[in-house]
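Student: after the sequence you'll find the predicted model.
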Amino acid sequence: MNKFEYVASGAAGYSTRLSNDGNQVAGYKPLKWLMSLLLAALVTGCGGGDGIGAVPADTTAPTISSTAIVPADAATGIALNANITASFNEAMDAATITTGTFTLTQGGAPVAGAVTYVGTTAIFNPTSDFAASTVYTATVTTGVKDVAGNALAAAKTWSFTTGTTADATAPTVNSTVPADTAAGVAVNADITATFSEVMDPSTITTATFTLAQGVTPIAGAVTYVGTTAIFNPTSDLAAGTAYTATITTGVKDLAGIALVAAKTWSFTTGTAVAAGPAPVVLGTAGNYAILAETLISTTAGTAVTGDIGISPAAASFITGFSLTLDPSGCFSTPTPATLVVGKVYAADYSTGGCPTPANLTTAVGDMMVAYTDAAGRTLPDFTELGAGDISGMTLAPGLYKWGTGVLINSNVTLNGGPNDVWIFQIAGDLTMASATSMLLAGGALPKNIFWQIAGGTGVAIGTTAHFEGVILATKAITLNTGASGNGRLLAQTAVTLDSNAVTQPVP
């Protein structure tokens, strides 16, 4: 610390640094280790039967969100050889997940099958293929319990309708992080692979997703979220070292179809340790610059670099783009073409058996999983910073949480390296005033910045304002005249544009 800076300690061991120009710099927590030490000492020194320092019992019931089921409720055209899955929000007691608590029926008649449980996901595998064009109903009862013995809060029931054909398409790996041949990767990075469709989680293990340095295997744990497999090394990787990741043909989709060929890619670490939380996994939602469920509208002068998609709404709910359907029937292009430097997808683009509807259903599901992931992160580094007004601040990597909305009335700077991550949990709305900007410093990248917005109105980016990062919103995202951004607009309702430039970040 030099004479132009000081550290002011706040509650719970958090602190704030003021920079030379007097602006607040979040990210300095020199007292946090002391609070942890004192807490540990208190717990250690308070044995006996008085309950002081005891770990509270888990009495919270597990849940299954509407986005954690495959197929989705009311989904149509489901493959005849599909499996059914339900993912819980916490680890469950596998002994309670059986054919008695996870059932499938057709017109009230039970459907025979086997039930397995992997990670936090239950899988129902029917003994035989489904009947064509038929409605089925899946149910997970309150007989399932978490590892603490708490029963499911309420039974989960959903229905879907089959199509007329079986799934014969092999899954693919759409993207990886790090990318093949990437350099300067953080030594504490996780390795991820996103598939083209939902996979059977029981096939994604440390045997089918591996990491090696030369011929030496690297120990780690493998998890699966949405459509993304994650390899988390047990220890930090060595600096300045080449590694190779492999996904074998042992991984399969929910129809039991394996990868056509193994996927192998390599990368080289740098010396940096990434700061902040782990990135939010976007899955196939990361294929889009803009993804919405009900409406995407624009005026002339908009320029979107990247694909846009809408589901379950149809193409008629993409307005202002003058769309022309491609001869393939899978996507459309706007007039003028400069409106979208990419492709436009809608839930009703299915001519000739195009996979667009299914791809969009998966992407919207991944968007919901990503939102839930971001909203569910715990132990924030900063709580209620600025009482919701972060105007003029410089923000270090970390997890930020507000029980209110967030206002930006003057420029905000995000200062960190290219591997660092920011997650902003906002219970209210996000509002940027006109002519304000989110500025990046120190090599920070928009792909590593996540704005999770739960507010009842949504996100409003002011006239000529500039945003950075991935916006995950339960409600509308509105860009006013001339606003721009580097990132993604992922809305559970609508995205409204008015002569805006939106550029999808480089993976």
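Tutor: Noted; the coordinates are in hand. Numbers count the residues shown, from 1 in each chain.
Student: give the contact list for the spatially most central residue of the chain.
Tutor: Nearest residue to the geometric centre of the chain (C-alpha atoms, centre = their mean): Ala370, 2.1 Å. Neighbouring residues of Ala370 by C-beta atoms under 8 Å, 6 or more residues apart in numbering: 226, 280-283, 285, 472, 490. Backbone N, C-alpha and C define where each C-beta goes, glycine included.
Student: just how off-centre is the helix or strand where it lies within its chain?
Tutor: Assigned by DSSP states H and E, Ala370 falls within helix 356-376. Helix 356-376 sits 7 Å away from the centroid of its parent chain (C-alpha atoms, centre = their mean, to the nearest Å).
Student: CA atoms of it as PDB?
Tutor: Listed next in PDB are the C-alpha coordinates belonging to helix 356-376 (Å, rounded to 0.1, in the frame of the first residue of the first chain):
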ATOM      1  CA  THR A 356     -33.500 -26.400 -35.100                       C
ATOM      2  CA  PRO A 357     -36.500 -26.900 -32.700                       C
ATOM      3  CA  ALA A 358     -34.700 -29.500 -30.600                       C
ATOM      4  CA  ASN A 359     -31.500 -27.400 -30.600                       C
ATOM      5  CA  LEU A 360     -33.400 -24.400 -29.400                       C
ATOM      6  CA  THR A 361     -35.200 -26.300 -26.700                       C
ATOM      7  CA  THR A 362     -31.800 -27.500 -25.500                       C
ATOM      8  CA  ALA A 363     -30.300 -24.000 -25.600                       C
ATOM      9  CA  VAL A 364     -33.200 -22.500 -23.700                       C
ATOM     10  CA  GLY A 365     -32.800 -25.300 -21.100                       C
ATOM     11  CA  ASP A 366     -29.100 -24.600 -20.900                       C
ATOM     12  CA  MET A 367     -29.900 -20.900 -20.400                       C
ATOM     13  CA  MET A 368     -32.100 -21.700 -17.500                       C
ATOM     14  CA  VAL A 369     -29.500 -24.000 -16.000                       C
ATOM     15  CA  ALA A 370     -26.900 -21.200 -16.300                       C
ATOM     16  CA  TYR A 371     -29.300 -18.700 -14.600                       C
ATOM     17  CA  THR A 372     -29.900 -21.200 -11.800                       C
ATOM     18  CA  ASP A 373     -26.100 -21.800 -11.500                       C
ATOM     19  CA  ALA A 374     -25.300 -18.100 -11.300                       C
ATOM     20  CA  ALA A 375     -28.200 -17.400  -8.800                       C
ATOM     21  CA  GLY A 376     -27.200 -20.300  -6.600                       C
END
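Student: for the record, mean pLDDT for whatever helix or strand comes next after it?
Tutor: Per DSSP H and E, helix 356-376 leads on to strand 382-383 as the next helix or strand towards the C-terminus. For strand 382-383, mean pLDDT is 97.
Student: so what strands line up beside strand 382-383?
Tutor: Strands that pair with strand 382-383, judged by DSSP bridges, come out as strand 398-402 (parallel).
Student: got the angle between the partner strand and helix 356-376?
Tutor: 80 degrees (axes from the mean of the first three to the mean of the last three C-alpha atoms, to 10 degrees).
Student: now strand 398-402: mean pLDDT?
Tutor: On average, strand 398-402 scores 98.
Student: next: stretch 189-201.
Tutor: Stretch 189-201 comes out at a mean pLDDT of 93.
Student: number the residues from 53 up from this point.
Tutor: With 53 as the first residue, the last one maps to stretch 241-253.
Student: how does this protein divide into domains?
Tutor: With domains defined by automatic domain parsing, the chain comprises 58-95, 121-214, 225-321, 335-555.
Student: between these, which has the poorest mean confidence score?
Tutor: Among the domains of the chain, domain 58-95 scores lowest, with a mean of 36.
Student: any buried residues in the helix holding Ala422, and which?
Tutor: For helix 408-428, the neighbour count (16 or more other C-beta atoms under 10 Å) marks 408-427 as buried.
Student: Ala166 is in contact with Ala174, isn't it?
Tutor: No - between Ala166 and Ala174 there is no contact under C-beta atoms under 8 Å: 11.2 Å.
Student: who's more crowded, the two?
Tutor: More neighbours surround Ala174 than the other of Ala166 and Ala174, with 26 against 12 (other C-beta atoms under 10 Å).
Student: A strand includes the more buried one, no?
Tutor: Yes - per DSSP: H, G, I helix; E, B strand; the rest coil, Ala174 lies within a strand segment.
Student: unless I'm mixing things up, it is touching Ala143, no?
Tutor: No - if you go by C-beta under 8 Å, Ala174 and Ala143 don't touch, sitting 12.0 Å apart.
Student: ok, the residue nearest to the centre of the chain to Thr280 distance?
Tutor: Noted for Ala422: a distance of 9 Å to Thr280, by C-beta to C-beta, to the nearest Å.
Student: if we can go back for a sec, need the contacts of Ala422 in JSON lines (columns: distance to Thr153).
Tutor: What follows is these, written out as JSON lines (distance: C-beta to C-beta, whole Å):
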{"residue": "Gly278", "distance to Thr153": "24"}
{"residue": "Val332", "distance to Thr153": "31"}
{"residue": "Val333", "distance to Thr153": "28"}
{"residue": "Leu334", "distance to Thr153": "32"}
{"residue": "Gly335", "distance to Thr153": "28"}
{"residue": "Ala337", "distance to Thr153": "31"}
{"residue": "Leu524", "distance to Thr153": "32"}
{"residue": "Leu542", "distance to Thr153": "34"}
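Student: among those, the buried ones, what's the PyMOL command?
Tutor: Restricted to buried positions by 16+ other C-beta under 10 Å, the PyMOL selection for the contacts of Ala422 reads:
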select buried, resi 278+332+333+334+335+337+524+542
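Student: surely Ile348 and Ile370 touch.
Tutor: Yes - using C-beta under 8 Å, Ile348 makes contact with Ile370 at a distance of 4.9 Å.
Student: identify the contacts common to those two.
Tutor: With C-beta under 8 Å, 6+ apart, Ile348 and Ile370 have common neighbours 360, 362.
Student: who are the contact partners of Ala220?
Tutor: Ala220 neighbours (C-beta under 8 Å, 6+ apart): Ile309.
Student: brain fart, Tyr423
Tutor: 504, 524, 526, 542, 544.
Student: neighbours around Thr376, how many?
Tutor: 12.
Student: check contacts around it.
Tutor: Applying C-beta under 8 Å, 6+ apart, one finds that Thr376 lies in contact with 384-387.
Student: ok, and the most crowded of those?
Tutor: Per-residue neighbour counts (other C-beta under 10 Å) across those peak at Pro386, which has 22 neighbours.
Student: SS state for the closest residue to that one other than its chain neighbours?
Tutor: In this structure, Pro386 finds its nearest non-sequential neighbour in Phe373, 4.0 Å apart by C-beta to C-beta, 6 or more residues apart in numbering. Phe373 falls in the coil class when you classify it by three-state DSSP.
Student: phi and psi next, for Phe373.
Tutor: The phi/psi pair for Phe373 (degrees, to the nearest 10) reads phi -110, psi -10.
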